[in-house]
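Enquirer: Predicted model follows, preceded by the sequence.
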Amino acid sequence: MPPLLSAGTPAPDFTLPRSPDAKLRLADSRGHPVILAFYPADWSPVCGDELAVFNEVLPEFQRHHAELLGISVDGVWCHKAYAAARHFDFPLLADFEPKGAVSRAYGAYRAQEGFAERALFVLDAAGVIRWSYLSPLTVNPGADGILAALEGLK
Amino acid sequence: MSARLTPPVSARDHAQGPADAPVTLVEYGDYECPHCGRAYPIVKAVQRSLGNDLRFVFRNFPLTKSHEHAEHAAEMAEAAGHEGKFWQMHDLLFENQDALADENLIAYAASLDIDPRWAAAALAQGLFRERVREDFASGVKSGVNGTPTFFINGARYDGLLHPTSLLEALARAATPE
């Protein structure tokens, strides 16, 4: 498995479904920072997990004009139900077909298990990775590293 | 990422146990979060077990988009703290997690001999909102990654939410290497 893409690498472009009827292309987000949050699966048994924390910290991300995108291999309908149940105010992208292709491109895929790592990337306005972090699978990362990276973009 | 408690425990915090205890356990929690509810008796158990060797600190981390009553519950705990009754309110809230609407919170205040009109006004005017926000912001900075998140002597505890695991980690922290 190729290693996690690191700072200085141009972020591989991708187009993924963000809802049952809409797609999102990463390149369309040039001009402001982007946070990519890869995670193993929707419906993790922890209620207050990393995505819930990021959801609460959104105003702080937005202060840096940053856009948060969650990415897992779950399908669009699963994402839709999950986002509604958790009141997420940011998109969940479906890296569903071909399965895990985007996660692989970022070195954030666990081929044996068939799902994404817990991995975070902060991209600058030009679409270059400025910070990346791979968390142990059982440990949710907090938002502190993301915020420090966003501060560093200035 | 180091995930260190920022800022460290100080006089502004609500603490149980001696300030010079060898181990300080800090919880960032949400009164409406079921996992924090599960942690509540576990924390009580480790407090009983460690006695004066442990200082326990609680900071607010309400997940307001998931839990509609979490913010006001946190503010009511701080309001009670203003009246010197933080821990009584803290315990009442965790023991009544399914009844955290404003009218319940105000009734808990009254049951602790806190003027219910003042308690209601404190919520309505957001007297303790800033204090709760400060806790939340410190949690984000410290690497809180869900609720509850614990810090042992300033380092984030990533182990299981289980009395044995938590006790082992606390015992390790209490023993100088």
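Expert: That came in fine, so what should we check first? Residues are numbered from 1 along each chain as shown, chains lettered A, B, ... in the order given.
Enquirer: Could you say which helix or strand holds the most centrally placed residue in chain B?
Expert: Central residue of chain B (Cα atoms, centre = their mean): residue B:58, 2.8 Å from the mean position. According to DSSP states H and E, residue B:58 maps onto strand B:54-60.
Enquirer: what bits of chain B have low per-residue confidence?
Expert: Counting by pLDDT under 70, the low-confidence segments of chain B come to B:1-2, B:176-177.
Enquirer: If we look just around chain A, which residues of it are in range?
Expert: For chain B, the residues found near chain A under the criterion Cβ under 8 Å from any Cβ of the partner chain are B:1, B:3, B:30, B:33-36, B:63-66, B:136, B:140-149, B:156, B:158. All C-beta atoms are positioned from the backbone trio N, CA, C, and that covers glycine.
Enquirer: Narrow those to just the buried residues.
Expert: Under a neighbour-count criterion of 16 or more other Cβ atoms under 10 Å in any protein chain shown, the subset of these counted as buried comprises B:3, B:30, B:33, B:35-36, B:63-64, B:66, B:136, B:140-149, B:156, B:158.
Enquirer: what ranges do the helices span in chain A?
Expert: Using DSSP state H, the helices of chain A run over A:50-63, A:76-86, A:101-105, A:144-152.
Enquirer: can you pull the buried residues of the shortest one?
Expert: Okay, so that is helix A:101-105. Of the residues in helix A:101-105, those buried (16+ other Cβ under 10 Å) are A:102, A:103, A:104, A:105.
Enquirer: Output the contacting helices and strands for the helix or strand residue B:172 falls within.
Expert: Counting by DSSP H and E, the element that carries residue B:172 is helix B:163-174. In terms of contacts (3 or more Cβ pairs under 8 Å, 6 or more residues apart in numbering or on different chains; DSSP states H and E), helix B:163-174 is packed against strand B:23-29, helix B:34-50, strand B:149-152.
Enquirer: quick one: the second one to strand B:23-29, angle?
Expert: Which is helix B:34-50. Taking axes from the mean of the first three to the mean of the last three Cα atoms, to 10 degrees, helix B:34-50 and strand B:23-29 form an angle of 160 degrees between their directions.
Enquirer: Dump the C-alpha coordinates for helix B:34-50 into PDB.
Expert: Taking Å, rounded to 0.1, in the frame of the first residue of the first chain, the C-alpha atoms of helix B:34-50 are listed here in PDB:
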ATOM      1  CA  PRO B  34     -25.100   8.600  26.400                       C
ATOM      2  CA  HIS B  35     -21.400   7.700  26.400                       C
ATOM      3  CA  CYS B  36     -20.700  10.400  29.000                       C
ATOM      4  CA  GLY B  37     -23.600   8.900  31.000                       C
ATOM      5  CA  ARG B  38     -21.900   5.500  30.800                       C
ATOM      6  CA  ALA B  39     -18.600   7.200  31.900                       C
ATOM      7  CA  TYR B  40     -20.300   8.800  35.000                       C
ATOM      8  CA  PRO B  41     -20.400   5.800  37.300                       C
ATOM      9  CA  ILE B  42     -16.900   4.700  36.000                       C
ATOM     10  CA  VAL B  43     -15.400   8.000  37.100                       C
ATOM     11  CA  LYS B  44     -17.200   7.700  40.500                       C
ATOM     12  CA  ALA B  45     -15.700   4.200  40.800                       C
ATOM     13  CA  VAL B  46     -12.200   5.300  40.100                       C
ATOM     14  CA  GLN B  47     -12.600   8.300  42.500                       C
ATOM     15  CA  ARG B  48     -13.700   5.900  45.300                       C
ATOM     16  CA  SER B  49     -10.800   3.600  44.500                       C
ATOM     17  CA  LEU B  50      -8.100   6.200  44.400                       C
END
